[in-house]
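> Got a predicted structure plus its sequence, pasted below:
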Amino acid sequence: MSSRRSRRNKHKQVKNDIPNGVSANDLPQINNTLSSFVSGLGYDNFGGSQLSQTDTQFKNLRYYMISNMRQLLSQMYVEHGLIQTLCDQPVDDAFRGGVKVDSDQLDEDEIEQLLESVESEGIIQIVAQAFKWNRLYGGAGVLIISGKNHEKELTELSEGNKLEFRAVDMWELFYNKQNVAGGYQNITPLPDSGETEFNYYGNRIHSSHVLILKGKEAPSFLKPRLRGWGMAEPERVVRSLNQYFKNNEVIFELLDEAKIDVYKISGFSSSMASDEATNQIKKRIQLSNETKNILGALVMDTEDEYIQKQMSFSGLGEMLTQIRMSIANDFHMPLTKLFGVSSSGFNSGEDDIENYNSMIDGEVRAKAKPIIINILKLKCQTLFGISPDDLTIEFEPLRVLSADQEETVKGQKYNRYSGMYAQGILTDKEYSELLKKHELLDMETEVIAGTREAEIPEAPASFDVPTNIISKQKTI
């Protein structure tokens, strides 16, 4: 009896809580509407914020790769200076000053001859151009032209053999329609698939005749789309570039609307009903503008008014600064390299340059060393008939010292070697060779040649750097 009474009271309470004009059958629909309203405020059905949902990430992805769009990348490189800077500047800085060559199997004269041959043929510039194509397209190569059958594996070259090199991009080394007359071929070899042939404008090229370069490796889920090549550098900067282009377009359009002349003409609305009156108003405004431009004065009727409105560009400068910072962050390059804008605030720019130099060492120079060493070994085969297996190269330092700093470093080296020679640690010939090697001596002395024995000097109290000791670098 009590249970029946409690159920009756509960039913009365629920019935009393329903607003007037709303039936009990409408309650489920009202609850669904409230749930949708609450969800629209930023909360899902489980009470979590939409900030933690993945919808935002999905909406901000394009789901295709511009590394597969040869025409787009080519046009962007030609028309946009930022893309040229992205592809060319790190490579130019990496190869700046050339490289130094060292090998125990080659004497100094042979190294000198090797460097002169490489410099005269512009081989370093060819390698640099291949790296620029690699950054633009995500893949490139250096084609070896030796006069031998390019359809078979490249064998060891002999002394006096013809040897040339050519920079090519990945689209010139792929079996597809653009390089083969008559349409697509049935085979599409990948650089990692074990196939040993490329097609270079209809010529079948064995892979041993090509030094392959690849861009940054893509994740395994996307890697098959790149056909064995790497990602193009513009792949990661699409969003920041779009912001930069949009900002420039807005500024360009606003420049045309910076000044607007407003004429308030008596009876203008009624005059527009007549074609003759409309033409008279157009002629009147044209004459007023011509008079204003020529004489700097404007004559009007007493019932007419003239107002000049000028648009304000406040805020666009700050927006452009933020966009430039976003571009520099995506490019991994400092603002001074991209826009010529120096660092502000407490930052002197040294940290930015150090990060940039680290990027060059890791992304350009580390990949360039094996390519250049292989090329130098091939040149040694054609020049000397040997292929040294201990050949090494060294790039010039990325940090450029001032004239005073360079002289200070040379002075410290000179004092160090002179002290070691005075103490008998170095022989006369070793001492002279060190001075010449570290560019403190620019001539061939009799001691180095072995035609005269040096007299052991007395140890001086201090060593001063001679002002006339300047050496010429042996670089390419």
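Received, thanks. Quick caveat, the model's predicted, so the values are computed rather than measured.
> can we go C-alpha only for contacts and neighbour counts from here?
Fine.
> Now do the contacts for the residue nearest to Phe384 when sequence neighbours are not counted.
Excluding its sequence neighbours, the residue lying closest to Phe384 (CA to CA, 6 or more residues apart in numbering) is Glu159, at 5.9 Å. In this structure, Glu159 makes contact with Gln381, Thr382, Leu383, Phe384, Gly385, judged by CA atoms under 8 Å, 6 or more residues apart in numbering.
> Can you select the buried ones from those residues in ChimeraX?
Applying 16 or more other CA atoms under 10 Å to those, the buried members can be selected in ChimeraX as follows:
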select :381,382,383,385
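> so can I have TSV of the contacts of Glu159 showing distance to Met272 and secondary structure?
Output for these, formatted as TSV (distance: CA to CA, whole Å; DSSP: H, G, I helix; E, B strand; the rest coil):
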residue	distance to Met272	secondary structure
Gln381	88	helix
Thr382	86	helix
Leu383	88	helix
Phe384	91	helix
Gly385	92	coil
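> Who are the contact partners of Ala140?
By CA under 8 Å, 6+ apart, the contact set of Ala140 is Ala130, Phe131, Trp133, Asn134, Ala167, Val168, Asp169, Met170, Ile212, Leu213, Lys214.
> Assign a three-state SS to the residue nearest to Phe384, would you?
Following DSSP: H, G, I helix; E, B strand; the rest coil, the label given to Glu159 is coil.
> mind showing which ranges of the stretch 201-350 of the chain have poor pLDDT?
For the stretch 201-350 of the chain, applying pLDDT under 70 flags the ranges 256-258, 260, 293-304, 306-316, 342-349.
> hey, where'd the helices end up in it?
Along the stretch 201-350 of the chain, counting by DSSP state H, counting those that start in this stretch, helices occupy 238-256, 268-271, 275-295, 316-331, 335-338, 350-360.
> The stretch 1-150 of the chain too?
Ranges of helices in the stretch 1-150 of the chain, per DSSP H, counting those that start in this stretch, are 2-17, 27-40, 55-59, 70-79, 81-94, 108-121, 123-137.
> nearest spatial neighbour of Leu136, skipping sequence neighbours?
Nearest in space to Leu136, with sequence neighbours left out and distances taken as CA to CA, 6+ apart, is Ala232 at 5.4 Å.
> From what I see, the one you found and Trp133 are in contact.
No. Assessed by CA atoms under 8 Å, Ala232 is found out of contact with Trp133, at 9.2 Å.
> what touches both of those two?
Both Ala232 and Trp133 are contacted by Gly139, under the criterion CA under 8 Å, 6+ apart.
> how deep is Cys380 tucked in, by neighbour count?
When counting by other CA atoms under 10 Å, one arrives at 22 neighbours for Cys380.
> contacting residues around it?
Cys380 makes contact with Leu114, Ile386, Ser387, Pro388 under the criterion CA under 8 Å, 6+ apart.
> Which one of these is nearest to Met319?
Nearest to Met319 out of the contacts of Cys380 is Leu114 (CA to CA; 52.4 Å).
> circling back to that earlier point, got the contacts of Glu159 as TSV, with distance to Asp404 and pLDDT columns?
Converted to TSV, those look like this (distance: CA to CA, whole Å; pLDDT from 0 to 100):
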residue	distance to Asp404	pLDDT
Gln381	42	93
Thr382	42	92
Leu383	40	92
Phe384	41	92
Gly385	44	90
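> nearest to Ser269, of the contacts of Glu159?
Thr382 (88.4 Å).
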